[in-house]
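[1] Dropping a prediction and its sequence here:
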Amino acid sequence: MKKPAFKIIPEALSSGLSDRFEEHAGRQEQLTARLDKVLIHKYWGFPIMVVCFSLLFLASFTIGAPISELLGSMLDRFAELFQQSVFSHYLPPLLMSMISDGIFRGIGSALAFFPQMLLFFAFFTVITETGYADRIAFIMHRPMARLKMAGQTFTPLILGYSCNISSIISARSIPNRLDRLIMMLISSFIPCSARFAVILYIAAAFFAPLTATLIMSVLVVLSWVVTALVSYIIKTRFAAEYQPPESLPLSCYRWPKLKNVLKATLYRTLDFLNRIKNVVIISSVLIWFLSSFPLNAPFEASLAARIGQVLEPIGELMGLNWRLLVALIFGFFAKETSLSTLGVLYHASEGLGDLGTILIQNITPLAGLTFLVVYMFYIPCVATLTCIYKESQSRLFTLATVVVSLLVGFLLGVVTYNLGSLIQLIW
C-alpha cells in the first residue's frame, strides 16, 4: 500500500501552527507600521530616501572607484608585460599595438564596470527584498503622477547617477511598457559617475570652487528639468494609453537573506558583463584604429582628427573646436575616454597632471561651459545603448534615443554658447 502524498495534521497542531503564523504576521505588520511612520513620513520620508541613495553614491565613489582604478592599473601592467614578452619578437608591431592598446583596453573598460555594478545590484536587491522599493515608489507617486508617470519610475531614474545601465536594467520593475521606454530614454539625461568625474574635473579647471559648485548644481537641476519636460511631452502625447493608479499597495517589510542577496548580485553582475563585453572590446579596437591610422602620422592627421574637422562647422555653432568634438565622439565609447582624448589632443603629460592648465590656455571658459552642457546631455555611451536595445528589443527605439539625446545636447549647447556670448557682449 502506497504512503499518502501528504500527512494529515491533527486539528490541535494545525490550530497551533495557525496561531503562531498569525502571531508572526501580526508582529510583522506592527513592525511595518512603526517603520512606515518614519520611512514614508510626509516630511521625513523624502530626506531619508535621499540619504539612502547618497550612501549608494558614496559607496560607488569611495569603494567602487578605487577598485576600478586597481583593475585598470593591473590591466595596464598586464599589457606592458605582454609587450615585453616573447610574443613581441614574433608578432608584427601593428598587431601588438592592437592587442595591447585595443583589446586589453576593451577588457579593462568592461572590468571597470564590475565594482559599480556589483555595489548597485547588491543595493538594489536589498531594497527590493526588504520592501523599501515599494516605499520609494509610494513617496514619489504624487510628484511623478504630475508628469503622468508611475511612482516606480523614480527608483530606476535616481540610480542612474551611479550608472545609466543601472537605471535601464532596474526599469524591469516598472509595470507599464510605455513608462519603461520613457525611463530608458530620459535616463541618458542623468549624469552617471563617469560623466560626473569628467564634468567635475573640467569645471574645477575652468572655474573657482564656488563658481564650479554653482555650475554643477545648475547642471544637475537642468538635467531634472529636461527629464521632466521630455517625459511630460511624451506622456501627454500618449495620455490615453496609461494613467497612474490613485494609490500603491505596500507589502510588509522582510529581512533579506544574505545567500539570496549574494546570489542575485553575482548573477546579475556577471550577466551584465557578459552582455556588454563584446561591444566594449569592439569599440575600443575601433578607437585604436581611428587614432592609429594613417600609420606614422601625428594624431592631428589621424582618421579621428579628420572626423572632428569635418564636423567642426557644426561645432562652431556651439563654440566647440574639432578637438572638443573628437573628445565627445570618443566619449560615446566610454564617457571617461573624453579626458584621455583631450590629454592626447592637447599633448598633456601622462596622468592628466597638467591637462587643466593646458585646457585653460587653449579653450575659453564659455567654450568649456558649453562643452560641459553638451557632455551632460548628448548621446549615452555604447554600453548604455546596447543595454537599451537588449531591454527594449527595438532598433527603432534605440535609434530614437540617439536622435533625441543628440538634439537635446546640440540645442542646449547652441543656447548656452549664444546666450553666454550675448551676456559677455552686454557686460
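    Sure thing, it's come through.
[2] From now on I want contacts and neighbour counts done on CA atoms only, so please keep to that.
    OK.
[3] Show me what the longest helix along the chain is packed up against.
    Using DSSP state H to define each element, the chain has its longest helix at helix 258-292. Packing partners of helix 258-292 (3 or more C-alpha pairs under 8 Å, 6 or more residues apart in numbering; DSSP states H and E): helix 104-130, helix 303-316, helix 382-392.
[4] Go through these and name the closest to G368.
    Among these, helix 303-316 comes nearest to G368, with 12.8 Å by C-alpha to C-alpha.
[5] Next, the angle helix 258-292 makes with the closest one.
    90 degrees (axes from the mean of the first three to the mean of the last three C-alpha atoms, to 10 degrees).
[6] For the stretch 201-350 of the chain, give me the ranges with low pLDDT.
    Residue ranges of the stretch 201-350 of the chain with pLDDT under 70: 239-250, 272-273, 275-280, 283, 343-344, 347-350.
[7] please redo it, this time with the cut-off set to 90
    201-309, 311-312, 319, 321-323, 326-350 (pLDDT under 90).
[8] ok, back up a step: between the helices and strands packed on helix 258-292, which one is nearest to P294?
    helix 303-316 (7.1 Å).
[9] Quickly note the distance from P191 to L303.
    Shown here: P191 relative to L303, a distance of 29 Å by C-alpha to C-alpha, to the nearest Å.
[10] Which one of those two is surrounded by more residues?
    P191 (23 against 17; other C-alpha atoms under 10 Å).
[11] ok, for that one, nearest residue in space, not its chain neighbours?
    Once flanking residues are discounted, P191 sits nearest to Y161: 5.7 Å by C-alpha to C-alpha, 6 or more residues apart in numbering.
[12] Next up, the contacts around that neighbour.
    The neighbourhood of Y161, defined by C-alpha atoms under 8 Å, 6 or more residues apart in numbering, consists of 57, 190-193.
[13] change it to 7 Å
    190-193 (C-alpha atoms under 7 Å, 6 or more residues apart in numbering).
[14] Taking those residues, tell me the two that lie furthest apart.
    I190 and S193 (9.7 Å).
[15] Between the two, which is the more surrounded one?
    I190 (27 against 21).
[16] Phi, psi for that one please.
    phi -90, psi 120 (degrees, to the nearest 10).
[17] Next up, the contacts around it.
    160-161, 223.
[18] Which of those residues fall in helices?
    Those of the contacts of I190 lying in helices (DSSP H): S223.
[19] Which parts of the stretch 1-150 of the chain are helices?
    11-39, 45-59, 65-84, 93-97, 104-130, 132-139, 141-146 (DSSP state H, counting those that start in this stretch).
[20] Please tell me the pLDDT value assigned to S60.
    For S60, the pLDDT comes out at 63.
[21] what do you get for F410?
    pLDDT, read off for F410, is 93.
[22] Check the one 10 residues further on too.
    Among the per-residue scores, G420 shows a pLDDT of 90.
[23] any idea how far W427 is from it?
    Taken as C-alpha to C-alpha, the span from G420 to W427 is 10 Å.
[24] what does D179 give?
    For D179, the distance to W427 - C-alpha to C-alpha - is 45 Å.
[25] The two: who's more crowded?
    D179 (21 against 6).
[26] Does that one belong to a helix, a strand or coil?
    Assigned by DSSP: H, G, I helix; E, B strand; the rest coil, the conformation of D179 is helix.
[27] going forward can the numbers begin at 631, since that is how I track them
    Okay, residue one is now 631; in that scheme the one you just asked about reads as D809.
[28] ok, so what distance separates it from S800?
    Distance from D809 to S800, by C-alpha to C-alpha: 12 Å.
[29] Next one, pLDDT for Y1005 please.
    Per-residue confidence (pLDDT) for Y1005: 92.
[30] Quickly find the element holding it.
    helix 995-1007 (DSSP states H and E).
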